[in-house]
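Peer 1: below are the sequence and a predicted model for it; my questions follow.
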Amino acid sequence: MQIKIKFFAGIAEATRKREHTLHLDHTPTVKDLIHLLTNEFPMAAEMIKRSMVSINHDYAKPDQNITETDEIALIPPVSGGEEPLFEVTTEPLYADQLIAKVSNPMAGAILTFVGTVREFTYGKRTTYLEYEAYPEMAIKKMEEIAKEIKEKWPNTKVAMSHRIGKLTIEEISVIIAVATPHRDAGFEAGRYAIERLKQIVPIWKKEIWENGEEWIGHQEGPWKKDE
C-alpha cells in the first residue's frame, strides 16, 4: 500500500519536503508511522517524535490504523515546540539537524564542529567511551556560552548537542553549529564554543582501553587544580 504524508513548519524545513510517500506491505498504525518517519528522517527525529498525526483532519490515536485512502498529516508542536538549540541526548547525532536549527536569512556562513571517538590516545588503544553528564546544568552552561558568543560576534546563532552513554570508535560525541553573517566570525565563534564547552560544561567520559579504564573530565575549567 501507498501512504502520502503532509509535512508542515519545522518538519518541512528539516526534511526539505512538504509531502512524503511511504510504500508498505502492511497496514500501519499511527505509532508505526512515527517510527518509520523517525528512521527515515533522523535530522528531524526529535521533532517527529513530539508531533501529532492527523487522519482526515482529526487528531489520531497511537493505535489507530491508517488506510491508503486516508489524508495523513504530521502536525508539529505549535507553541514552544521548536527543537531545542542545546541538548544532551543518548540518541545518535547528525550535523544536518544542527545546521537546520541555526540556518537563518542573516547567515552567510554556517560552521559545524563534530567531535568523534578516536581509537588511539597517547599510544593507548581505546575500545569505547562512556559519557555522563549533569544534563540540566550542562544545557544551562551551553546557553551561557551562546550568550557570550552573541556578545562577541553579533547576529550569531548557536546550537550544541552532546551525546552521552556508550560510544564506539568513530561515533559522534558532540556537534556544535554556528551561523554567522561572515565566515571569519564563524571560524572564531566555533572554536570559542568548543573550548568553552570543555571549560564549563559538566560532561565526563570514561576511557575504556584494552588493559584498563579511567574517568576523565575535561582538562580545563574550575575543577582543574593548580599544580
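Peer 2: Yes, it's here.
Peer 1: quick one: the strands in this structure, in order.
Peer 2: For the chain, applying DSSP state E gives strands covering 2-6, 19-23, 52-55, 58-59, 72-75, 86-89, 109-116, 120-121, 124-133, 157-163, 165-168, 172-180, 203-209, 212-217.
Peer 1: residue 33: which of these is closest?
Peer 2: Nearest to residue 33 among these is strand 52-55 (6.2 Å), distances taken as C-beta to C-beta. Using the backbone N, CA and C atoms, a C-beta is placed for each residue, glycine as well.
Peer 1: show me the shaky parts of the chain.
Peer 2: Regions of the chain meeting the criterion pLDDT under 70 cover residues 77-83, 216-227.
Peer 1: wait, isn't residue 50 in contact with residue 84?
Peer 2: No. The criterion here is C-beta atoms under 8 Å, and residue 50 misses it with residue 84 at 10.7 Å.
Peer 1: can you say which of the strands of the chain is nearest to residue 101?
Peer 2: strand 157-163 (4.2 Å).
Peer 1: next one: the closest one to chain centre, how far?
Peer 2: The chain centre lies 7 Å from the centre of strand 157-163; the measure is C-alpha atoms, centre = their mean, to the nearest Å.
Peer 1: please renumber so the chain begins at 38
Peer 2: Right, with 38 as the first residue, what we last looked at is strand 194-200.
Peer 1: what helices or strands is that strand leaning on?
Peer 2: strand 123-126, helix 132-139, strand 161-170, helix 172-189, strand 209-217, helix 220-237 (3 or more C-beta pairs under 8 Å, 6 or more residues apart in numbering; DSSP states H and E).
Peer 1: contacting residues for residue 156?
Peer 2: Shown in contact with residue 156 (C-beta atoms under 8 Å, 6 or more residues apart in numbering): 162, 163, 206.
Peer 1: just the closest of those to residue 104, please.
Peer 2: Lowest distance from residue 104 to the contacts of residue 156 (C-beta to C-beta) belongs to residue 206, with 45.0 Å.
Peer 1: and the gap between the closest one and residue 195?
Peer 2: Distance, residue 206 to residue 195, using C-beta to C-beta, to the nearest Å: 28 Å.
Peer 1: ok, now residue 189?
Peer 2: Applying C-beta to C-beta to residue 189 and residue 195 gives a distance of 11 Å.
Peer 1: what sits in contact with each of those two?
Peer 2: By C-beta under 8 Å, 6+ apart, the residues touching both residue 189 and residue 195 are residue 226.
Peer 1: so these two - more neighbours on which side?
Peer 2: residue 195 (27 against 12; other C-beta atoms under 10 Å).
Peer 1: list the contacts of the residue lying closest to that one once chain neighbours are set aside.
Peer 2: Counting by C-beta to C-beta, 6 or more residues apart in numbering, residue 195 lies nearest to residue 183, which is 4.1 Å off, once chain neighbours are set aside. For residue 183, the contact set (C-beta under 8 Å, 6+ apart) comprises 122, 123, 195, 197, 230.
Peer 1: return the distance of residue 183 relative to residue 130.
Peer 2: Taking C-beta to C-beta as the measure, residue 183 and residue 130 are separated by 18 Å.
Peer 1: please report which of the contacts of residue 156 has the highest neighbour count.
Peer 2: Ranking these using other C-beta under 10 Å puts residue 163 first, with 17 neighbours.
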